[in-house]
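Student: Sequence isn't available, so here's the structure alone:
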Ligand code: DX5
Ligand code: ZN
């Protein structure tokens with residue numbers, strides 16, 4: 001199981017210190033939500049904060065684009081060393097363009113992830129599953145941390161797990177939103193490989209909260 005603490009819920013006045021604490025935990029990734037105030041009603045981090053994160057940690061940088069224009073920003077984050085970029089298929093809504101972006105990201109040795117808003121039918125994932133390195137199931141409406149886990153995510157994880165097995169695909173299954181020890185367990189049992197967790201990790205003792213996913 002890979003744990004990817006989401007810095008959306010970190011204390012930004014001591015971000016470097018918090019990242020160093022995460023490094024001491026069992027987490028291997030760090031999740032960075034880039035929001036533009038357009039695709040969702042929240043604005044978070046741009047490239048300068050991302051660069052500061054890169055300077056502060058050697059964890060795998062798991063960038064989640066919650067933005068309307070992933071094609072434009074992909075290059076900027078690739079150039080600054082993003083290790084994985086996950087974007088919303090429902091931001092562009094054009095199969096050819098989305099496939100092109102997945103291939104573009106991968107051609108730079110960056111992991112390409114895809115995701116959908118929770119209300120978008122999961123079948124929208126289908127044209128991309130062969131190519132994607134990671135498929136993210138949103139278990140909340142994207143935009144803000146601290147929301148309640150949507151149980152319909154568990155079915156979606158199971159569905160992605162079964163397709164991967166049947167078709168021999170390679171993507172990792174990630175889940176994001178309302179993840180704590182209890183909901184994390186449900187997702188892990190359904191087949192999730194990567195758990196994103198924001199408020200549960202950063203509003204508690206960071207090391208203990210991360211380690212609780214391995215109990
Ligand atoms: C919300 C973000 C999440 C957020 C999750 O749109 O994608 O990564 O940080 O926060 P929690 O774990 O508090 O639900
Ligand atoms: Zn996220």
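Tutor: That came through, no problem. No experiment lies behind these values; they were computed from the predicted model shown. Residues are numbered from 1 along each chain as shown. Ligands and ions are numbered 1, 2, ... in the order given.
Student: Is ligand 1 within reach of stretch 188-202?
Tutor: Yes. Against ligand 1, stretch 188-202 shows contacts by Cβ under 6 Å from any ligand atom at 196-200. For the C-beta atoms, the positions are set from N, CA and C on the backbone; glycine is no exception.
Student: which of the residues you listed lies closest to ligand 2?
Tutor: Minimum distance to ligand 2 across the residues of stretch 188-202 next to ligand 1 is 5.5 Å, recorded for residue 196 (Cβ to the ion).
Student: For the closest one, give me phi and psi.
Tutor: Main-chain torsions, residue 196, degrees, to the nearest 10: phi -90, psi 130.
Student: From the chain's centre, how far out is stretch 91-100? Work that out for me.
Tutor: With Cα atoms, centre = their mean, to the nearest Å as the basis, stretch 91-100 stands 19 Å off its chain's centre.
Student: end to end, how far does that stretch reach?
Tutor: 14 Å (Cα to Cα, to the nearest Å).
Student: same check, this time on stretch 127-145
Tutor: Taking Cα to Cα, stretch 127-145 runs 29 Å from one end to the other.
Student: tell me, what residue is most central in the protein?
Tutor: For the chain, the residue nearest the mean C-alpha position is residue 64 (5.0 Å; Cα atoms, centre = their mean).
Student: Phi, psi for that one please.
Tutor: phi -110, psi 110.
Student: Which per-residue confidence value corresponds to it?
Tutor: Residue 64 carries a pLDDT value of 98.
Student: Tell me who's in contact with it.
Tutor: Taking Cβ atoms under 8 Å, 6 or more residues apart in numbering, we find residue 64 in contact with 6, 31-34, 86, 113, 115, 136, 176, 196.
Student: just those that are near ligand 2?
Tutor: 33, 176 (Cβ under 5 Å from the ion).
Student: Just the ones in strands from the contacts of residue 64, please.
Tutor: With DSSP state E as the criterion, strands contain 31-34, 86, 113, 115, 136, 176, 196 from among those.
Student: rewinding a little: how about CSV for the residues of stretch 188-202 next to ligand 1, with pLDDT and neighbour count added?
Tutor: Putting those into CSV (pLDDT from 0 to 100; neighbours: other Cβ atoms under 10 Å) gives the following:
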residue, pLDDT, neighbour count
196, 99, 27
197, 99, 28
198, 98, 25
199, 98, 18
200, 98, 24
